[in-house]
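1. starting from these lines, generate the structure:
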Amino acid sequence: MDFKTINQFWGLVDPLTVRQAAALIAGVDPNSVDDSGEWFKDSETGLTDGDGIAWVKTALAALENAVNAGKLKATIRRNARMQAWDEWPNHGEALREFGDDDGRIRDGSEPAVIYCEALDWGKTTVEVVDLRAWLESNGIRTGFFFPTAADTPDYLDPKNLRYAPKLAASVRAWLAVTDTGKTSPKRALAKWLREHAAEFGLSDDEGKPNETGIEEVAKVANWQLGGGAPKT
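-> Sure, this is the predicted structure:
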C-alpha cells in the first residue's frame with residue numbers, strides 16, 4: 001500500500017488539526033506529509049515525494065483563510081513557553097502575565113508566558129461536523145469526509161442550491177421506466193411519478209399526488225411524443 005494512502009482509522013480522529021484536515025481533504029494520509037509541509041516523506045524508507053503536495057498546500061490555505069475569517073469554527077492554539085527571568089519576547093511574540101484569582105496582574109516578580117502571535121495550524125483544531133458543513137457550503141460533497149456520498153449529479157442532489165424538484169423527478173422517472181409493457185411511456189412515467197410523488201414535492205399535505213404536476217413532468221420525460229402504446 002502506498003504510504004500516502006489514507007489509513008482508515010483517521011475516521012476515528014475528531015477533532016482534527018487544521019494540517020491533518022488539509023491532508024485528508026487533499027486525499028492523502030496526514031502522516032505522509034513532512035513536518036515542513038513542502039513534500040511527502042515515507043517514514044519507513046525516508047524517501048521523499050513532491051507529487052501532489054500542491055493540493056495539500058491549497059487545502060491548507062483555504063482552511064487557514066476560513067478560520068481567520070470566522071467562516072470555520074476552530075479551537076485556536078498558539079505556541080507558548082514560560083518566560084525566563086531575563087527573557088523578553090522576540091519579533092512576532094507577545095507577553096502574557098499571570099493574574100491573581102481576582103483578576104489583578106501580578107507585580108512582575110512572578111513568571112509570565114511568552115506566546116507566538118501567529119496561530120499554530122498543527123495544534124489548532126476543527127470539529128469534523130463543522131468541517132463537513134464548511135465543505136458542503138463550498139460545494140464539496142465527495143472525498144474522505146463524505147464516505148457514503150454517491151456520484152450524484154448536482155441537478156439530482158437535493159442539497160444543491162439550484163436543485164429543481166420537477167427536473168429531478170423527470171430525470172429519475174426517465175431512468176427508472178425502461179420497460180413500459182403494453183402501455184404508453186407517458187402513462188408508465190406518470191404511474192412511477194405517482195408512486196414517488198412525495199419525494200419530489202408532487203403531493204399535497206395529505207399525501208395525494210398532484211396530477212397536474214405529474215402530467216407536466218411526465219410530458220418532459222416522455223420519449224414517445226406520438227403517443228399510444230408501443231408498437232409491436
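
2. CA atoms for contacts and neighbours, from now on please.
-> OK.

3. can you dump the C-alpha coordinates of the longest helix along the chain into CSV?
-> For the chain, the helix with the greatest residue count under DSSP state H is helix 53-68. Only the C-alpha atoms of helix 53-68 are listed here, as CSV (Å, rounded to 0.1, in the frame of the first residue of the first chain):
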residue,chain,number,x,y,z
ILE,A,53,1.9,18.4,-2.4
ALA,A,54,0.4,21.5,-4.0
TRP,A,55,-3.1,20.0,-3.3
VAL,A,56,-2.3,19.9,0.4
LYS,A,57,-1.0,23.4,0.4
THR,A,58,-4.1,24.7,-1.4
ALA,A,59,-6.4,22.9,1.0
LEU,A,60,-4.4,24.3,4.0
ALA,A,61,-4.6,27.8,2.6
ALA,A,62,-8.3,27.5,2.2
LEU,A,63,-8.7,26.3,5.8
GLU,A,64,-6.4,28.9,7.3
ASN,A,65,-8.3,31.7,5.5
ALA,A,66,-11.7,30.3,6.6
VAL,A,67,-10.6,30.1,10.2
ASN,A,68,-9.1,33.6,10.2
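
4. each with direction, which strands does whichever helix or strand comes after that helix pair with?
-> Downstream of helix 53-68, the next assigned helix or strand under DSSP states H and E is strand 80-82. Looking at strand 80-82 with DSSP bridges, its partner strands are strand 112-116 (antiparallel).

5. output the partner strand as PDB - backbone C-alpha positions only.
-> This file holds the C-alpha atoms of strand 112-116, laid out as PDB (Å, rounded to 0.1, in the frame of the first residue of the first chain):
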ATOM      1  CA  ALA A 112       4.900  35.000  32.700                       C
ATOM      2  CA  VAL A 113       4.200  33.300  29.400                       C
ATOM      3  CA  ILE A 114       5.700  34.300  26.100                       C
ATOM      4  CA  TYR A 115       3.400  33.200  23.200                       C
ATOM      5  CA  CYS A 116       3.600  33.400  19.400                       C
END
